[in-house]
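1. Mind looking at a prediction? Sequence and model below.
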Amino acid sequence: MSDFEPQLAVAKKQKRLPTISGPGLFWMLIILTLVLFGLAVSMLGKSQNFGNDLPTPTETVSADTKLSRIYTVSYKGGVFSPTNLRIHAGDTVRFKNEGIFPIRIVSGPDSILVGLDSIGDIPQGSYFSFTFAAKGIFDYHNDRNTKETGTIIVR
């Protein structure tokens with residue numbers, strides 16, 4: 001006789017994962033697409049500023065009870081916004097650098113305004129303030145690129 005013993009073999013059933021097909025798969029893809037679209041809009045929407053670069057006046061009271069204002073001129077992408085700004089004597093203009101490179105703001109070569117000079121670079125996210133005491137038309141530009149200009153009209 002041989003040393004062979006019969007053994008009982010039990011077949012194991014493999015667990016099958018449920019498959020998603022038909023309308024279930026379709027709705028899952030729609031929900032996933034909407035979630036991804038919502039994330040993209042929320043992330044990209046925060047960095048966009050769709051032309052809302054209007055000057056924001058801030059009222060302050062001076063000693064002679066005349067109201068002076070603070071205006072903001074933003075610089076981004078090689079453009080000052082607003083390019084032309086009308087203010088009153090005694091008002092302050094803040095030049096804010098929203099670009100990625102530093103800028104230096106100086107008065108134009110033909111300008112009669114002495115002293116409009118940021119003295120050094122204005123890094124990204126920083127600003128330079130200047131109070132206009134005299135009436136007139138004052139041109140300024142980015143010293144790094146003289147084609148990037150603007151005008152302040154003081155009444």
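-> Structure's in. What do you need? The model shown is predicted, which means the values in this text are computed figures rather than measured ones.
2. So which bits of stretch 125-137 are buried?
-> 127-128, 130, 132 (16 or more other CB atoms under 10 Å). C-beta here means a position set from N, CA and C on the backbone, and glycine is covered the same way.
3. What residues are bridge-paired with residue 145?
-> In this entry, residue 145 is beta-bridged to residue 142, by DSSP bridges.
4. hang on, it packs against residue 80?
-> No: Residue 145 lies out of contact with residue 80 (CB atoms under 8 Å); the separation is 11.3 Å.
5. Pick out whichever of those two has more residues nearby.
-> residue 80 (22 against 11; other CB atoms under 10 Å).
6. Now do stretch 141-153: distance to the chain's middle.
-> 21 Å (CA atoms, centre = their mean, to the nearest Å).
7. Just give me how far whichever strand or helix holds residue 94 sits from the chain centre.
-> Per DSSP states H and E, residue 94 falls inside strand 92-97. Put simply, strand 92-97 sits 16 Å off its chain's centre (CA atoms, centre = their mean).
8. Please pull up the helix or strand immediately following that strand.
-> Defined by DSSP H and E, the subsequent element after strand 92-97 is strand 105-107.
9. just to revisit the earlier point, listing partners with orientation, what would you give for the strand holding residue 94?
-> Here, using DSSP bridges, strand 92-97 pairs with strand 67-76 (parallel), strand 127-131 (antiparallel).
10. which stretches of the protein form strands?
-> Remark: strands assigned in the chain by DSSP state E are 58-61, 67-76, 79-81, 84-87, 92-97, 105-107, 127-131, 136-142, 145-154.
11. Could you check the angle the last one makes with strand 127-131?
-> Orientation check (axes from the mean of the first three to the mean of the last three CA atoms, to 10 degrees): strand 145-154 against strand 127-131 gives 40 degrees.
12. between strand 145-154 and strand 136-142, how many degrees?
-> Going by the same axes, to 10 degrees, strand 145-154 makes 150 degrees with strand 136-142.
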